[in-house]
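**Student:** next one to model:
(chains A, B, C and D, ligands or ions: 4)
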Amino acid sequence: MTYYKPLSLYVPEPSVRPGDKPDFSKFAIPKAGSVRRPEIDVSEEEIRDLAYGIIRVLNRDGEAVGPWAGVMDDETALKGLRYMMKTRAYDARMQKAQRQGKTSFYMQCLGEEAIAVAHQMALSPGDMNFPTYRQQGLLIAREHPLVEMMCQIYSNSGDVLGGRQMPVMYSSRDSGFFSISGNLGTQYVQAVGWAMASAIKGDTKIASAWIGDGATASNDFHSALLYASVYRPPVILNVVNNQWAISTFQGIATGQSVTFATRALGYGLNALRVDGNDFLAVYAVSKWAVERARRNFGPTFIEWVTYRVGAHSSSDDPSKYRPLDESSAWPMGDPIERLKNHLIVRGVWSDDRHVQLDAELHDEIRDAAKEAESHGTLGQGPAPSAKEMFEDVFKEMPPHLRRQRQQMGV
Amino acid sequence: MTYYKPLSLYVPEPSVRPGDKPDFSKFAIPKAGSVRRPEIDVSEEEIRDLAYGIIRVLNRDGEAVGPWAGVMDDETALKGLRYMMKTRAYDARMQKAQRQGKTSFYMQCLGEEAIAVAHQMALSPGDMNFPTYRQQGLLIAREHPLVEMMCQIYSNSGDVLGGRQMPVMYSSRDSGFFSISGNLGTQYVQAVGWAMASAIKGDTKIASAWIGDGATASNDFHSALLYASVYRPPVILNVVNNQWAISTFQGIATGQSVTFATRALGYGLNALRVDGNDFLAVYAVSKWAVERARRNFGPTFIEWVTYRVGAHSSSDDPSKYRPLDESSAWPMGDPIERLKNHLIVRGVWSDDRHVQLDAELHDEIRDAAKEAESHGTLGQGPAPSAKEMFEDVFKEMPPHLRRQRQQMGV
Amino acid sequence: MARMNMIEAIRDAMDVKLGQDDDVVVFGEDVGYFGGVFRCTDGLQRKYGKSRVFDTPINESGIVGVAVGMGAYGLRPIAEVQFADYVYPAYDQIVSEAARLRHRSHGQFTSPITIRMPCGGGIFGGQTHSQTPEALFTHVAGLKTVLPSNPYDAKGLLIASIEDDDPVIFFEPKRLYNGPFDGHHDRPVTPWSKHALGDVPEGHYVVPLGEAAIRREGSDVTVLAYGTMVFVAQAAAAETGIDAEIIDLRTLLPLDLDRIEASVKKTGRCLIVHEATFTSGYGAELSALVQETCFYHLEAPIERVTGWDTPYPHAQEWDYFPGPARVGAGLKRVMEA
Amino acid sequence: MARMNMIEAIRDAMDVKLGQDDDVVVFGEDVGYFGGVFRCTDGLQRKYGKSRVFDTPINESGIVGVAVGMGAYGLRPIAEVQFADYVYPAYDQIVSEAARLRHRSHGQFTSPITIRMPCGGGIFGGQTHSQTPEALFTHVAGLKTVLPSNPYDAKGLLIASIEDDDPVIFFEPKRLYNGPFDGHHDRPVTPWSKHALGDVPEGHYVVPLGEAAIRREGSDVTVLAYGTMVFVAQAAAAETGIDAEIIDLRTLLPLDLDRIEASVKKTGRCLIVHEATFTSGYGAELSALVQETCFYHLEAPIERVTGWDTPYPHAQEWDYFPGPARVGAGLKRVMEA
Ligand SMILES: Cc1ncc(C[n+]2csc(CCOP(=O)(O)OP(=O)(O)O)c2C)c(N)n1
Ligand SMILES: Cc1ncc(C[n+]2csc(CCOP(=O)(O)OP(=O)(O)O)c2C)c(N)n1
Ligand SMILES: [Mg+2]
Ligand SMILES: [Mg+2]
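**Tutor:** Ligands and ions are numbered 1, 2, ... in the order given. Below is the predicted model of the structure:
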C-alpha cells in the first residue's frame, strides 16, 4: 500500500505582526501609465489581464501619464482635492467628537478618500450608490449638507434618521446614497436589483455598489456577481481593498486568488484593478465604467487598491494586530498628497494655497459642528423622540404597535 | 447634454424550446486526447486554460487516446461497465416502482452514470462523499447493498433511515456517503469542513463534494470555494453540469461565464473541465485529483460535462420546456455505450456478453426489489414506526419530546 | 365570477396586477418559461414578456436581495421561493433588510415586496418540502405575514399584499391548491370547483390584510386556525359534534385580535391549531395573547394542537400532521376541562 | 476558585476543553491572532496553534457549514458569530443542516457543535449589534439554546454545550460581560469581581443544560427571566418591594418546566421578561406553557414585559430596553390584577 504523509491544515497569515518591520516588498506595483485603456464595449475575454494589473495615472513625479490620463480638467481636479481634504477634516472632527463622548461610535476613511470622492464625481444625479460605512466621501463630493451628516453622528434632534441608526449609517435618497446596513454585504446584491429595475423600466440611471475586501467573503457578494452576470444590468461593482477587515488581513478573504478582481472573471464579468490612492486613476476608470453601464454594455467590477490608515472604528486598536507604522510604509502613498503634488506640477496649485484651503475647511467643519451640536449630542440636549421608535416600522402603524406605543406613554 | 438610449434588461434564454430542433452546434467539443495532463502539484496559474477546455480520452472510434489515457486496466474498466449498467437498471426499476405507487418520488441519473461510478472507483475506503440526489452511482460502485437502498426508496420497515427521509435521500457513513439534504448546496461547504477536519487531525482521508449546475448559484457553493481556497484542505469539488436545473437551462446559472470551471479560477483554485460521459476521462481525472488531495496539494475543482437525459424527477415533465429529442442530439453520447464500444475495441468485451450482463443485472435488481418489497412499500405492508419521528431529534430525548411522544401514544 | 382552484386564483391575482401596474414584476426559480413547479405563473411570461416575468438562479438570498433593490427603486416585485423550506438562505435579506429598510432610512427607502412560498405537508415531501415557518417571520418587526386558506382569499389577499407598501410574506398551503383538504388523507378531496370559496370574482378586488374570517359560528369553544387547519378544524367540529367557532386568521401579522377576543369572551374556551412545530410556534403567541386579553373569561386552559417538535417525516407524515382525530381530541379536552 | 468576568469565564471554558480534547477547535471572524472583538479567545491561538484556533472569512454560513462538516468528521467545533445580529446568513446551515442531521441520517452523522454569539443591547449598537433572536432557534427541532447570566454559569454551561453531542446555540449577553448590569444605565456597574457569581472554579465543571436556577426566592409572583433581564428583575423586585421569585432559565431549550411549574403553582402569578421583540418572542412560549400547566393556580393574567416590536434603536435604546421601571410596573400590574 502506498504511504501517505499525514495531512495538515494551511492557515494564511500576514508576513508581519506587531513588533515586526512593515513589509510590502512582495506587493507588485506596475508603473503608472502601463495598463491599456480598452473601449467601453470590450468583452471580458479581451481584458482578463487587467484583473491582475493595476491601473495608475500619477507617476512618482506627480505627472499624469498613459492612456488613462487626460480625462480630468483643472477645475474637476481642484474640486476633488477640496472634497478629499474636507472629508479628512470631517473625519478628524467626528473622531474627536466621539472621543469627547458626543457620540457612541465613529468610523474614518483615512487614506481612502480618493475612491469615494472621485467616483461620485463621475456619477450623475439620479444614480444610486449602495455604500458601506466607509464612503462618507460620496456624500461630501455630492455637497450633502455637513450639518445634516453631523446630526446623524450625534443622534440629535436634527438627525433625519430620528436617532434610529448608529452613527455613520447615513441614508439620503436625494443624494443618491442608499441607507447603510450594519450587516456586511447585503447592499451589494440590492444594488444589482436596483440596476435591474432601472433597466426594466427603460431608465438611464445606474447603480454603484460598494463593499470591503473582507466582506467580499459574504454570500451577497456572490449573489451580486451572479445576478449581475446573468442579467447584465447597469451596475458598477466596487471593492475597496484596504488590506484589512478589522484584525483580519486580506489573505483570509482572497485565499489563493491573487487579486479580488479575478473573482469577477469566474462570472465572466469585466474586471479592472486600480490604484485607489491615485485620484486621476479613480476618476478615469469610474468614468469609463459609468459610460459602459449607461450605454447598456453591462456591469463593471472594480477593485480599488488602498490601505486603511486608521483603526477599523473608534472601538478598535490596530496596534494589537499590525505594525504601528505599517500605514506609512504603504507604497501607494497618500491620495491627498499625491493629487496636491500633481496639481502643483500642473501649475494650478501651491503649498500656500493648500495650507490656506486646509484652514478654510477646518473652519467650515468647525462651524458646521457647532451648528450641529446646537441640536444636541448623544445623550445631551435635544434628542429625537421615543416615538420615533414606533414609526416607520410599517407605513401605517398596526394595532399592536399602537398599543405598545400607548403602553410606553409616547 | 449627452443623449442616452433607454436601458433594457437582458434575460438569457436557451436557443431551442419544445417544437424546435435540438441545437448543439455552438457547443464546442475539443478532440479526445487534446488536453494536456499536468503534474499533481501544478499551480492554478499554469493550468487556467484547462477550465475552458474539455478533457476527453475516448475518441469516436472507441480508442483511448492522449495524455489522460492508459490509467485504467481491463478489470477496472469491466467493473465500471457493470456498475454503470447496474445503476441504470436500478433506476429503471425504481422509476417503475414509483409509477406503480410503491413510493412517493424518484430521481434517475440516466446518462450521468459514468461520473459517480468512475469517481467512486478512484476513491478509497474512509474517504467521504457529500453527494446530491443524483449520485446513486457512488453507492452502487461501492457495492452498497441494493436491498438497503431500495428499502429507503420504499420507506419500509427495512429502511435504515426509519422512513424519515424522502426517497433517494440516502445516507451511509460506512459507504462514505454523507446524508443527502433536500436543500441544495448545503453539503458543498460541509465537505470542505470535513476535509479541514481531516487535515487538522493529520489524517489521510479526503472529501469529495457534489453539486449540480443549477445549484452552483447557491451561497454554499461560494462559501465552499472560498474556504477551500483559504485553508487548502483535501477536498474535490465536483460540479455535475447536466445542462438543466429542473426547467432552467444552464445559462441562468453560468451567466456570462463560459464554463463552470472558470468560477473556481476567481478563487485561485485548480480547475478542470471534463467529458462526464467518458468513463476513462472521469476515472483518470478523478485519480489525479484524489492523489493531489491526498498529497496535501489541496483542492481540485472539476466540472463534469454531461446531459440529464431523464426528467428532473418523477414529478417533472421535461417536454414542457425542452425539445423531446434533445437528449438524443447530445453530442457526447451515452456513457455506457461509449465504454462498451471501447471495451470491444480493446478486445475484452462483446455485444453478446453485454446483452448477457444486462440480463443478469436485471435479474439481480428484480430479486433485490422482491426482497425489499417483502419489507413493505410506502403505505403498504410493514412500515417504520411512528416512534421514529421522536427519536434522534436529540441524542437523548428531552422532557418536552417525551411528553409529545406519550401524547401521541407511541 | 369564475370557478378557480387556488393555483388559478393566485395566478389571476398576479395577472391582474401585472396588467394594472407596470411596476409589478414576477420572478423566481422556474417561474418564467415553465410557469413554476406548481404552475402558479403559467403563461405570465408569454403575456407580459421576459423582463417582467423571469427565471432566476437557484439563490434565494439573491432573489430577495434583488427584490429589495428593485423595491427601493420603486418597483413592486413579487418573488417566488419554490418551497418555504428553502427560504432560509434568504432569511437575512428578509429580516435584516426588507423588514427594517423603511425604519432605518426614516421612510426614504421602502420594500413594497411580496415573497410567495408554498408551505405545509401532505404531499410526502419529507423534511424539505413540508414546513410552514410562519413563526420565524411573525417575530420580526416590519414584516406582514399572510396565509390564506382558499381561492377567494388567496386572490384577494395576494392583491392586497402586492399593493401593500411593506414587505409581505405570503404562504400558500400547497395541500389546498386543488381543494379544501381536511386531513382525511385516505379520502378523495373535493375540488375547489365544488366549494363556495372556489368562486372567485374576475378582475381586481382585495381581502384587506389584518382581518380574520369566521368560518363556522359556534358557542362552545373558539378555534384559531389558518391554512389547511381551517378545514381540519371544520372536520373535527363536525365529527365531535362540538359547537366550535372557527376563526380563519388569514393574516397572522397584523392580527385581528379584536375578533379573536370577542369570540373567546363569548365561548370561554380556546383551541389553537397549526401545522408547524409546537415550541415557539405561532400558537404560542396566540395562546399568550388570548390569555392576556381574555383571562377572566377563560373556563379552561387554552390548548395547542400542532405538529410535533420533530422534523417533518416522510413515511410518518400523517402521524406528524395534526389531523381531525388529534384536533377532535383537543376539542374534547378543552370542553371537558 | 478565581474571580473572573464573563469574558474570562467563557475563554476559560474553551481553554479547558481545548486542553482536554484534541477534537475541540475554535474559529470565527477575528478570533485567531487578535483574540476576538470581545477578547473571548485572546491567547488561545498562541496556546493551541493555528490549526485549532483560527480566523475565518466574513461568511457566517461558511463558518457554520464547515463546522457541520467537521462535526460529521468527529470534531467538536466551537464557532463564533461576531454578533447575534449576523447569524442570519448562517440560519439555513443551522436550521436545515446542523439541527436535522442526526435525525435525517438516523444517527449516522451528528452535529456536536457549539455556536457562540454575543447578544443583547445596551452598548449603543443600534439595530445591528443589539438583537437577541433566541425565539428563532427555540422553534427549530434539534437545537438546544443556552443563555447564561453570569460568569459561573457561562463557564459551566459552555463546557456542557461543548460536550453536548447536539448543536447548541450559545448566547452571550454582552452587556453582562463586565458586570451584573441591572438596567440602570445611568449608574456604574459593579464588576463581576465583587459579585458572588464571579467566583469561577478552575478547571472542568459543568452546569447541566436544562436546569434553571432560582435567583431570588419569593412568594408573590414568579418572574421568568434570562440573561441581562435576571438582574433587571432583581432590581425591579427590590425597588417595588414585591416578593418575587426570580427564575433564571439559563437553558431555553430544553426548558426546566418542572421548576417553573412548581414556582407558579406556589405564587399563582407570573411575569415573563425578555429583551427581544414581543410578538412571537420566547415569552410567548413561556406564557403558553405556564398557562397550560398552571391554569387552575393562576390568580392573574400572565404578563410579558419585553422589547417593543420595533428594530432596536440607537438613540432610544433605553426606551426600547425593558428596564427596571417597566419590569417594576409589570410586577405591579400582575400583583394588582
Ligand atoms: C454579516 C456581518 N458579519 C460580521 C460583521 C462585523 N464586521 C463589521 S466590519 C467588519 C470588517 C469588514 O472589513 P472590510 O469588508 O474589509 O471593510 P473595511 O472595514 O476594511 O472598510 C466585520 C467583520 C458585520 N458587520 N456583518
Ligand atoms: C435551496 C433550494 N432551492 C430550491 C430547491 C428546489 N430544487 C430542487 S432540485 C432543483 C434544481 C437543481 O438543479 P441542478 O443543481 O442542476 O441539479 P440536477 O437536478 O440537474 O442534478 C431545484 C431548484 C432546493 N431543493 N433547494
Ligand atoms: Mg477592508
Ligand atoms: Mg443540472
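**Student:** check contacts around residue 264.
**Tutor:** All of this refers to chain A. Contact criterion C-beta atoms under 8 Å, 6 or more residues apart in numbering or on different chains gives A:51, A:225, A:237, A:270-271, A:301, B:266 as the residues in contact with A:A264. C-beta: built from backbone N, CA, C; applies to glycine.
**Student:** not quite, go with chain C.
**Tutor:** Remark: with contacts taken as C-beta under 8 Å, 6+ apart, C:V264 is in contact with C:222, C:270, C:290, C:293-294, C:297-298.
**Student:** hmm, 7 Å instead?
**Tutor:** Remark: with contacts taken as C-beta atoms under 7 Å, 6 or more residues apart in numbering or on different chains, C:V264 is in contact with C:222, C:270, C:290, C:294, C:297.
**Student:** if I look at the closest residue to chain A within the stretch 201-337 of chain C, how far off is A:R99?
**Tutor:** With distances taken as C-beta to the nearest C-beta, the stretch 201-337 of chain C approaches chain A most closely at C:P254, which sits 3.7 Å away. With the distance defined as C-beta to C-beta, to the nearest Å, C:P254 ends up 44 Å from A:R99.
**Student:** settle it for me: which of the two has more neighbours?
**Tutor:** Neighbour totals were compared for C:P254 and A:R99, and C:P254 leads with 19 against 11 (other C-beta atoms under 10 Å in any protein chain shown).
**Student:** was I right about that one contacting A:P399?
**Tutor:** Yes - between C:P254 and A:P399 a contact is recorded at 6.3 Å, counting by C-beta atoms under 7 Å.
**Student:** in what helix or strand does A:L357 lie?
**Tutor:** Counting by DSSP states H and E, the element that carries A:L357 is helix A:351-373.
**Student:** now do the contacts for residue 52.
**Tutor:** In the absence of a named chain, chain A is used. For A:Y52, the contacting residues are A:258-259, A:262, taking C-beta under 7 Å, 6+ apart as the criterion.
**Student:** my bad, the chain I had in mind was chain C
**Tutor:** Counted by C-beta under 7 Å, 6+ apart, C:R52 has contacts A:200, C:18, C:25-26.
**Student:** just those residues: which are in strands?
**Tutor:** Residues of the contacts of C:R52 located in strands (DSSP state E): C:25-26.
**Student:** so which of the contacts of C:R52 are also by chain B?
**Tutor:** Counting by C-beta under 7 Å from any C-beta of the partner chain, A:I200 from these sit close to chain B.
**Student:** got a pLDDT number for the nearest residue in space to C:G19 that is not next to it in sequence?
**Tutor:** Leaving aside its sequence neighbours, C:G19 sits nearest to C:Y48 (C-beta to C-beta, 6 or more residues apart in numbering or on different chains; 7.9 Å). As summarised for this prediction, C:Y48 has a pLDDT of 98.
**Student:** neighbours of C:Y48, how many?
**Tutor:** 19.
**Student:** wait, it touches C:L18, no?
**Tutor:** Yes - counting by C-beta under 7 Å, C:Y48 sits close enough to C:L18 to count as a contact (4.9 Å).
**Student:** what ranges does the chain have for its helices?
**Tutor:** In the absence of a named chain, this looks at chain A. Along chain A, counting by DSSP state H, helices occupy A:74-99, A:113-122, A:136-141, A:146-154, A:186-200, A:219-231, A:251-254, A:261-265, A:279-294, A:326-329, A:335-346, A:351-373, A:399-408.
**Student:** let me rephrase: I mean chain C.
**Tutor:** Across chain C, reading from the start of the chain, the helices by DSSP H fall at C:6-20, C:44-48, C:60-73, C:91-92, C:101-104, C:135-138, C:151-163, C:228-240, C:257-267, C:282-294, C:317-320, C:324-336.
**Student:** for the contacts of C:R52, give me JSON lines that also has neighbour count.
**Tutor:** Written out in JSON lines, the entries for the contacts of C:R52 read as follows (neighbours: other C-beta atoms under 10 Å in any protein chain shown):
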{"residue": "A:I200", "neighbour count": "24"}
{"residue": "C:L18", "neighbour count": "23"}
{"residue": "C:V25", "neighbour count": "25"}
{"residue": "C:V26", "neighbour count": "27"}
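**Student:** got the contacts of C:R52 as CSV, with pLDDT and distance to ligand 4 columns?
**Tutor:** Rendered in CSV, the data for the contacts of C:R52 read as follows (pLDDT from 0 to 100; distance: C-beta to the ion, whole Å):
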residue, pLDDT, distance to ligand 4
A:I200, 98, 28
C:L18, 98, 29
C:V25, 98, 26
C:V26, 99, 23
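**Student:** mind putting the contacts of C:R52 into a markdown table with distance to B:K387?
**Tutor:** Converted to a markdown table, the contacts of C:R52 look like this (distance: C-beta to C-beta, whole Å):
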| residue | distance to B:K387 |
| --- | --- |
| A:I200 | 53 |
| C:L18 | 49 |
| C:V25 | 48 |
| C:V26 | 44 |
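**Student:** quick check: the farthest pair among the contacts of C:R52?
**Tutor:** Across those, the longest distance by C-beta to C-beta is 12.4 Å; it joins A:I200 and C:L18.
**Student:** any idea which residue of chain A lies closest to ligand 2?
**Tutor:** A:N219 (12.3 Å; C-beta to the nearest ligand atom).
**Student:** residues contacting that residue?
**Tutor:** For A:N219, the contact set (C-beta under 7 Å, 6+ apart) comprises B:219, B:222, C:61, D:59, D:61, D:89.
**Student:** list the neighbours of the helix or strand of chain C with the lowest mean pLDDT that are in contact with it.
**Tutor:** Confidence across the helices and strands of chain C bottoms out at strand C:2-3, with a mean of 94, counting by mean pLDDT, DSSP states H and E. In this structure, residues lying in contact with strand C:2-3 by C-beta under 7 Å, 6+ apart are C:193, C:198-200, C:202.
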